[in-house]
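**Q** Quick one, structure for this:
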Amino acid sequence: MVSDEPVGETVIDVRDLRVHYGEREVIHGISFDVRRGEILGVIGPAQSGKTSMLKCLNRTLEFTPGATMRGTITVDGEDVLRVRDVFGLRRKIGMVAPLPVGLPLTIYDNVAFAPRAAGLSNRADLDDIVERCLRQAALWDEVKDRLATLGTKLSGGQQQRLTIARALSHDPEILCLDEFSIAIDPVTTMRIEDVLKELRATMTILLVTNLTQQARRLADRTMFMLNGEVVELDRTDVVFSDTPGDPRTFDYVSGIVG
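**A** As a prediction, this is how the structure comes out:
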């Protein structure tokens, strides 16, 4: 069930999206929208198609051998599947993976990597971007005196925040997070959640999470996926109420099934 309440400005529109890995279809014709400036929570058990859906948005699914997608995905009205500047699309849609994947570079160079790749070479401008992104990721105060240290030397929680800083370094309009808290402690998780609350003022966020209460805390709307289908998409308070639109939603968010 997808809510038919009046919609705001749509930044992402997905229609009849299907994903195959070889002969196996893992997403079965889903349709949904994402509104500018919202946090859209995406919940559901493992193998629901959540990560595959995210990878379709900026076409990183293409990195998976044998994976194909069909349907229509538009971002700001532009057909993602037909866009020629794929690198520009990926700058527009930042992605944070479940486990922190730091580049084998210094903390500074991790954040400066994307701006440099885009042609920026002025040191003062790079300094400003590095500091801004590390502050946005709530990491600056912890690393400002050791920016020349390898990013891989940081703790797991710090590396995850460095990954977020790196994703922010190319000024994405949309930020996708795929179970960012899966390998970090609760205190760091809450710090990053505070960061996301601040970032929602300047960008649209898709939050795939295995923690239903995280979606409840952060998301404006929540989408429940199950077996490659969208079971429900509605305001978060509705999805987590005693009477969501589909009884399977209640069973999942209540922990009856998982």
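
**Q** May I ask which helix or strand of the chain has the lowest mean pLDDT?
**A** In the chain, no helix or strand scores lower on mean pLDDT, DSSP states H and E than helix 186-199, which sits at a mean of 87.

**Q** I'd like to know which elements the helix or strand containing Leu175 is packed against.
**A** Assigned by DSSP states H and E, Leu175 falls within strand 174-178. Packing partners of strand 174-178 (3 or more Cβ pairs under 8 Å, 6 or more residues apart in numbering; DSSP states H and E): helix 50-57, strand 93-96, helix 156-168, strand 204-208. Using the backbone N, CA and C atoms, a C-beta is placed for each residue, glycine as well.

**Q** which stretches of this structure form helices?
**A** Counting by DSSP state H, the chain has helices at residues 50-57, 86-92, 107-117, 123-136, 140-143, 156-168, 186-199, 212-218, 236-239, 247-253.

**Q** For Val42, find the nearest of the ones you listed.
**A** Closest to Val42 of the helices of the chain is helix 50-57 (Cβ to Cβ; 5.3 Å).

**Q** Off-centre distance for that closest one?
**A** Centroid separation between helix 50-57 and its chain, computed with Cα atoms, centre = their mean, to the nearest Å, is 9 Å.

**Q** contacts for it?
**A** 12, 14, 17, 19, 26-27, 30, 42-44, 61, 64, 67, 69, 73, 75, 80, 93, 95, 174, 176, 178, 206, 208, 225 (Cβ atoms under 8 Å, 6 or more residues apart in numbering).

**Q** buried subset of those?
**A** Neighbour-count burial (16 or more other Cβ atoms under 10 Å) applied to the contacts of helix 50-57 gives 12, 14, 17, 19, 26-27, 30, 42-44, 61, 67, 69, 73, 75, 80, 93, 95, 174, 176, 178, 206, 208, 225.

**Q** Surely Asp76 and Val11 touch.
**A** Yes - with contacts counted by Cβ atoms under 8 Å, Asp76 reaches Val11, the gap being 6.1 Å.

**Q** any shared contact partners between the two?
**A** Residues touching both Asp76 and Val11 (Cβ under 8 Å, 6+ apart): Glu173.

**Q** what about the two, which has more around it?
**A** The neighbour count for Asp76 versus Val11, taken as other Cβ atoms under 10 Å, is higher for Val11 (19 against 13).

**Q** Which one of the helices and strands packed on strand 174-178 lies nearest to Phe113?
**A** Comparing the helices and strands packed on strand 174-178 by their distance to Phe113 (Cβ to Cβ), the top pick is helix 156-168, with 6.8 Å.

**Q** All set, thanks.
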